[in-house]
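S.K.: sequence unavailable; structure follows:
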């Protein structure tokens, strides 16, 4: 009987310990290591330096002129009764910086080719000092230097409208003024020098490539008055000063962006691979 009870106790112990031993022999689950993180290259920062080149056709408006005449009275003021400037071409370039998607600034230098001038003045001619009208011809050219700031309103289908303003100076050169009246023909040497200038512009750019834009627009420039011609002993007239020049320009050109442009397609967003989920 003792053996029987002993055998029953041993059987009970093995029965309880069996699952524990079985668990010790079960292989642990294989845990795969997470893949290394995918290297994500940060896209180039938007904006940066750009260069530009432009050509235009402009119309200049002569805002009048004054001069001094020497006669019986030592200094009689005179003025142009009429004055008209022809249209002309110009070309220029510049360097700028795109600050963000909406703001940029640049420095531009434009050479305005000669605009022919034709005007008239009324005075007195001959020994009897009878009233007469003279015809005056000349031309002017200018070098316009401006620091500009722009607001790019937004981009739709590659087209970006903008507005801007500029401030700077103009180096103006008047050619020899040729004066003809009933007393004869007289020449005055032209004036030249730097003057204050400012501008306002509006236009739109269009993406040709991911870095090149076509820029088309209008610019209004005002050049302050200055010396137009010098004194001439015959007919005892001069110097003369113009009252300023307004310039209306239709412009076209190209801009090349060195940094990332809004013409470039946006980078694809990085979506990390999901980490493996392990169940017990």
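M.R.: Yep, it's here. Source: prediction; values computed, not measured.

S.K.: show me what the residue nearest the centre of the chain bridges to in the sheet.
M.R.: Closest residue to the average C-alpha location of the chain: residue 106 at 5.2 Å, with C-alpha atoms, centre = their mean. Counting by DSSP bridges, residue 106 forms beta bridges with residue 96, residue 148.

S.K.: for residue 255, see how far away it is.
M.R.: Separation of residue 106 from residue 255 (C-beta to C-beta, to the nearest Å) stands at 9 Å. In this view, the C-beta of every residue, glycine as well, is placed from N, C-alpha and C.

S.K.: average pLDDT across stretch 84-102?
M.R.: Averaged across stretch 84-102, pLDDT comes to 96.

S.K.: buried residues in it, which are they?
M.R.: The neighbour-count criterion (16 or more other C-beta atoms under 10 Å) identifies 85, 88, 90, 92, 94, 96, 98 as the buried residues of stretch 84-102.

S.K.: of the residues you listed, which pair is most distant in space?
M.R.: Spanning the widest gap among the buried residues of stretch 84-102 are 85 and 98, at 35.4 Å by C-beta to C-beta.

S.K.: just to revisit the earlier point, now, which of the buried residues of stretch 84-102 lie within strands?
M.R.: Counted as lying in strands by DSSP state E, out of the buried residues of stretch 84-102, are 85, 88, 90, 92, 94, 96, 98.

S.K.: check contacts around the third one.
M.R.: By C-beta atoms under 8 Å, 6 or more residues apart in numbering, residue 90 lies in contact with 55, 56, 57, 58, 110, 111, 112, 113, 249.

S.K.: hey, what's it bridged with?
M.R.: Assigned bridge partners for residue 90, using DSSP bridges, are residue 56, residue 112.

S.K.: picking up where we left off before, so what sits against both of residue 106 and residue 255?
M.R.: Counting by C-beta under 8 Å, 6+ apart, the residues touching both residue 106 and residue 255 are 50, 52, 96.

S.K.: how near is the closest residue to the second one other than its chain neighbours to residue 151?
M.R.: Right, residue 52. In this structure, residue 52 finds its nearest non-sequential neighbour in residue 255, 4.5 Å apart by C-beta to C-beta, 6 or more residues apart in numbering. To residue 151, residue 255 is 16 Å away according to C-beta to C-beta.

S.K.: which one's more surrounded, the two?
M.R.: More neighbours sit around residue 255 than around the other of residue 255 and residue 151, counting by other C-beta atoms under 10 Å; the figures are 22 against 12.

S.K.: that one contacts residue 207, correct?
M.R.: No. Because the distance of 10.3 Å does not satisfy C-beta atoms under 8 Å, residue 255 is recorded as not touching residue 207.
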